[in-house]
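J.: how does the following fold in three dimensions:
(one chain, ligands or ions: 2)
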Amino acid sequence: MTPVSPAPDRPLPPVAELLAGASVVAVPLRMRFRGVQQREAMLLRGPAGWGEFAPFPEYDDAEAARWLAAAIEAAWVGWPEPVRDRVAVNATVPAVAPELVGEVLARYDGCATVKIKVAQAGQELRDDLDRVAAVREHAPLARLRVDANGAWDVEQARLALSALAPYELEYAEQPCRSVPELARLRVDLARAGVDVPIAADESVRRADDPLEVARQQAADVIVVKVAPLGGVRAALAIVAQVGLPAVVSSALDTSVGIRAGVALAAALPELDYACGLGTVELLERDVARPRLVPRAGLLAPGDLHVDEPRLPDLAPAPERIAWWVERLRRCHALLARPSGG
Ligand SMILES: O=C(O)CCC(=O)C1=CC=C[C@@H](O)[C@@H]1C(=O)O
Ligand SMILES: [Mg+2]
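T.: Residues are numbered from 1 along each chain as shown. Ligands and ions are numbered 1, 2, ... in the order given. I've put the predicted structure just below:
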């Protein structure tokens, strides 16, 4: 995976400058999401504002370096001009039991689209059907989408999406892991007369070549996330090159990372889908006041007020802070290499 430069026309800020305004936070989640119960992030404060460096702990340095590029863009460069002053946001339902769906949805103010996690390890298709049915019951008029995080093979995906099709899914996000599988699934669904569009997420944000999805006609829609793609400008360039409709989504960020997602959503020439930027509702605590959560189903690009005096209350153990500092140093070294610029 090639690192991207946060701002090709500017020198990379040195590590000491990045660390001068850095804080590490550990934020508990209200309920398990993608197998985690707590989200750690390093926040960087630069001349343009705040940036979030929060690659998931298992990501290697090459992948994590993109997240650093995005954080540096946010804090040292700032955002491109917006073309809209608000963006629609979807509610996100983790792989919870159907009884908990009402509680999750109640947190989302006015979201007309709901994304539901499916295919969770240890669960069955029955669990997914029950969860989606519970969402439909609580939100009879909402547009529904599901996200399998690549957990199905092509046959499992065909069966699952055939069973879910009566809910008139807006799309199924990353039903299978690889691009060829997604391409095959699209053909199989069409042959079976199952009308569920396919969205590519991991096949874009974790791919060596995010354009492969379009080349192989493996998706109808792409999901774009600022941090994994290396920044708002890098994500805008990928959307332009791929040429498919884009859905902007979060990386389970604090309000600082969400602000970057809103900047991308606000700057995209076209935005036909609600954005997966409502995930601050999944966090028990946050770093900004007010939190960047949707009101009447919308988020607006605007000033973000990070609650700096409260950040030390969210600090993890000293060894975790040291781990983040070391990770930042290694990722910075990758960005500083000539091939990273
Ligand atoms: O898209 C959304 O509604 C919320 C964001 C979201 O689902 C995700 C955020 C972070 C990590 C991922 O496992 C997950 C996703 O796969 O899209
Ligand atoms: Mg996804």
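J.: name the nearest residue to V226, ignoring sequence neighbours.
T.: A260 (4.4 Å; Cβ to Cβ, 6 or more residues apart in numbering). Every residue, glycine included, has its C-beta placed from N, CA and C.
J.: now name the helix or strand holding the one you found.
T.: Taking DSSP states H and E as the definition, A260 sits inside helix 255-267.
J.: could you point out which element follows that helix?
T.: Past helix 255-267, further along toward the C-terminus, the next helix or strand under DSSP H and E is strand 298-299.
J.: give me the mean pLDDT for that following strand.
T.: Strand 298-299 shows a mean pLDDT of 98 in the predicted model.
J.: what do you get for stretch 84-100?
T.: 97.
J.: quick one: low-confidence parts of the stretch 1-150 of the chain?
T.: Low-confidence segments of the stretch 1-150 of the chain, defined by pLDDT under 70, span residues 1-3, 8.
J.: show me which residues of it sit near ligand 1.
T.: Taking Cβ under 6 Å from any ligand atom as the criterion, the neighbours of ligand 1 within the stretch 1-150 of the chain are R34, N90, T92, K115, D147, N149.
J.: what's opposite the fourth one in the beta bridge?
T.: Which is K115. Beta-bridge pairing of K115 under DSSP bridges involves T92, R145.
J.: wait, what's in contact with it?
T.: N90, A91, T92, V93, L144, R145, V146, D147, E173, G276 (Cβ atoms under 8 Å, 6 or more residues apart in numbering).
J.: give the contact list for the residue of the stretch 201-341 of the chain found nearest ligand 1.
T.: For the stretch 201-341 of the chain, the residue positioned closest to ligand 1 under Cβ to the nearest ligand atom is G276, at a distance of 2.2 Å. For G276, the contact set (Cβ under 8 Å, 6+ apart) comprises V89, N90, T92, K115, V223, V247, V248, S249, S250.
J.: same thing but 7 Å
T.: With contacts taken as Cβ atoms under 7 Å, 6 or more residues apart in numbering, G276 has the following neighbours: N90, T92, K115, V247, S249, S250.
J.: name the nearest residue to the fifth one, ignoring sequence neighbours.
T.: Distances taken as Cβ to Cβ, 6+ apart place G276 nearest to S249, at 3.2 Å, with adjacent residues excluded.
J.: how close does the one you found get to ligand 2?
T.: Shown here: G276 relative to ligand 2, a distance of 8 Å by Cβ to the ion, to the nearest Å.
J.: setting aside sequence-adjacent positions, which residue approaches R259 most closely?
T.: Spatially, and ignoring its direct neighbours in sequence, R259 is nearest to L304 (4.7 Å; Cβ to Cβ, 6+ apart).
J.: hang on, the earlier thing: buried only: go through the residues of the stretch 1-150 of the chain next to ligand 1 for me.
T.: Neighbour counting by 16 or more other Cβ atoms under 10 Å classes N90, T92, K115, D147, N149 among those as buried.
J.: the fourth one touches K117, doesn't it?
T.: Yes - counting by Cβ atoms under 7 Å, a contact exists between D147 and K117, whose distance comes to 5.5 Å.
J.: OK, contacts around the closest residue to R107 other than its chain neighbours?
T.: Spatial nearest neighbour of R107, excluding adjacent residues (Cβ to Cβ, 6+ apart): E281 at 4.5 Å. Contacts were defined as Cβ under 7 Å, 6+ apart; by that measure E281 touches R107, Y108, V293.
J.: could these be laid out in CSV, adding distance to ligand 2 and neighbour count?
T.: Compiled in CSV, the contacts of E281 are given as follows (distance: Cβ to the ion, whole Å; neighbours: other Cβ atoms under 10 Å):
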residue, distance to ligand 2, neighbour count
R107, 20, 16
Y108, 18, 22
V293, 20, 20
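J.: contacts only, for the residue in the stretch 1-150 of the chain positioned nearest to ligand 2.
T.: Each residue of the stretch 1-150 of the chain has a distance to ligand 2, by Cβ to the ion, and the smallest belongs to D147, at 4.4 Å. Listed by Cβ under 7 Å, 6+ apart, the contact set of D147 reads K115, K117, V118, E173, Q174.
J.: keep these, but drop any that are not near ligand 2.
T.: The overlap between these and the neighbours of ligand 2 (Cβ under 5 Å from the ion) comes to E173.
J.: low pLDDT regions in the stretch 201-341 of the chain?
T.: Within the stretch 201-341 of the chain, the stretches falling below the threshold (pLDDT under 70) are 338-341.
J.: interface residues of it facing ligand 2?
T.: Counting by Cβ under 5 Å from the ion, the residues of the stretch 201-341 of the chain close to ligand 2 are D201.
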